[in-house]
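Visitor: Pasting the sequence and the predicted model now:
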Amino acid sequence: MRIGIDLHGVLDKYPEKFKPMLKMFEKMDIEVCVVSGPPEDKVEIELEKSGFEPWDFTDIYSVVDFLSERGVEFDMTDPENPFCDDNMWWDAKARICRDYKIDLLIDDSKKYRPAFDLIDAKFIHVSEIVGD
């Protein structure tokens, strides 16, 4: 099994809840990937700020990198917040899960959920896990 977890609003907001889960998943041979918006190098920096290490995860997948590799153009007016077509953005995490065989995504934004109705992977809102 492969689980994807978002960084912003999930790992960075609830590190004390997810660190023990990561240890449990490792013991169960469950692969855990980060699936987040920023470029991979920025995700790695932000993981460390939240007390995680990139090697805590099997893989890191970036929405920006994923879409860029597929020819999607971004407005880089604000380099810290690349912007592209909303439909491409909100479908991207489901496409990442489909393409990289991730079975489940934990995220804080319900805007990603509808695209998961079209694939085999499941979407879980972080509130269903942490109870907020």
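Guide: All right, it came through fine.

Visitor: gap between the helix or strand encompassing residue 123 and the chain center?
Guide: Here residue 123, judged by DSSP states H and E, is contained in strand 122-125. Distance, stretch centre to chain centre, for strand 122-125: 11 Å (C-alpha atoms, centre = their mean, to the nearest Å).

Visitor: what's the following helix or strand after that strand?
Guide: helix 127-130.

Visitor: then that next one to PDB, C-alphas only?
Guide: In PDB, the C-alpha atoms belonging to helix 127-130 read as follows (Å, rounded to 0.1, in the frame of the first residue of the first chain):
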ATOM      1  CA  SER A 127     -10.200  16.300   9.800                       C
ATOM      2  CA  GLU A 128     -11.400  12.700   9.500                       C
ATOM      3  CA  ILE A 129      -8.000  11.600  11.000                       C
ATOM      4  CA  VAL A 130      -7.200  14.300  13.500                       C
END
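
Visitor: On the three-state scheme, the residue nearest the centre of the chain is what?
Guide: Centroid-nearest residue in the chain: residue 35, 2.0 Å away (criterion: C-alpha atoms, centre = their mean). Following DSSP: H, G, I helix; E, B strand; the rest coil, residue 35 is assigned to strand.

Visitor: Which residue, other than its chain neighbours, is closest to it?
Guide: Excluding its sequence neighbours, the residue lying closest to residue 35 (C-beta to C-beta, 6 or more residues apart in numbering) is residue 4, at 3.9 Å. Just so you know, the C-beta spots here come from the backbone N, C-alpha and C atoms, and that holds for glycine as well.

Visitor: looking only at pLDDT, what's the mean for the helix or strand where that neighbour lies?
Guide: In this structure, residue 4 is located in strand 2-5 according to DSSP H and E. Here strand 2-5 scores 98 as its mean pLDDT.
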